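Peer 1: Show me the folded form of this:
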Amino acid sequence: MDVKDSNGNLLKEGDSVVLIKSLPVKGGNVTLKKGLVIKNIHLTDDEKEVEVKVDKVRIVLKTEFLKKG
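Peer 2: Okay, here's the model as predicted:
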């Protein structure tokens with residue numbers, strides 16, 4: 001399974017990514033800002049999603065909002 005970012009670059013376990021769009025987090029009063037660098041991503045079973053840790057909370061992000069950093 002190939003996991004690709006919004007630009008078509010191949011992502012792998014442990015890569016760093018950058019948000020290309022500000023995203024509100026459901027269930028919280030937090031918005032992840034555009035340009036936020038997220039380190040050490042974890043690949044999931046879905047090729048369009050990755051699991052990340054932001055502010056000690058694990059969330060799943062769609063790869064269409066990420067670019068390899």
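Peer 1: Run through the strands of the protein in chain order.
Peer 2: Counting by DSSP state E, the chain has strands at residues 3-4, 10-11, 17-19, 23-24, 31-32, 37-38, 42-43, 49-54, 57-62, 66-68.
Peer 1: got a list of contacts for the second one?
Peer 2: What that stands for is strand 10-11. With C-beta atoms under 8 Å, 6 or more residues apart in numbering as the test, strand 10-11 has contacts from 2-5, 17, 41, 43, 50, 63, 66, 68. Bear in mind the C-beta positions are built from the backbone N, C-alpha and C, glycine included.
Peer 1: can you rerun that using 10 Å?
Peer 2: 2-5, 17, 41, 43, 47, 50, 63, 66-68 (C-beta atoms under 10 Å, 6 or more residues apart in numbering).
Peer 1: Can you point out the buried residues in stretch 45-58?
Peer 2: Using 16 or more other C-beta atoms under 10 Å as the burial criterion, the residues of stretch 45-58 that qualify are 50, 52.
Peer 1: Just the C-alpha atoms of it, please, in CSV.
Peer 2: Extracted in CSV, the C-alpha atoms of stretch 45-58 (Å, rounded to 0.1, in the frame of the first residue of the first chain):
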residue,chain,number,x,y,z
ASP,A,45,-4.7,0.6,7.3
ASP,A,46,-6.2,3.3,5.1
GLU,A,47,-4.0,4.8,2.5
LYS,A,48,-5.7,8.2,2.8
GLU,A,49,-5.2,8.6,6.5
VAL,A,50,-2.2,8.8,9.0
GLU,A,51,-2.2,8.9,12.7
VAL,A,52,-0.3,11.7,14.4
LYS,A,53,0.3,13.0,17.9
VAL,A,54,-0.4,16.7,18.5
ASP,A,55,-0.3,18.2,22.0
LYS,A,56,-0.1,14.7,23.6
VAL,A,57,-3.3,13.6,21.8
ARG,A,58,-3.4,11.1,19.0
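Peer 1: All set now, cheers.
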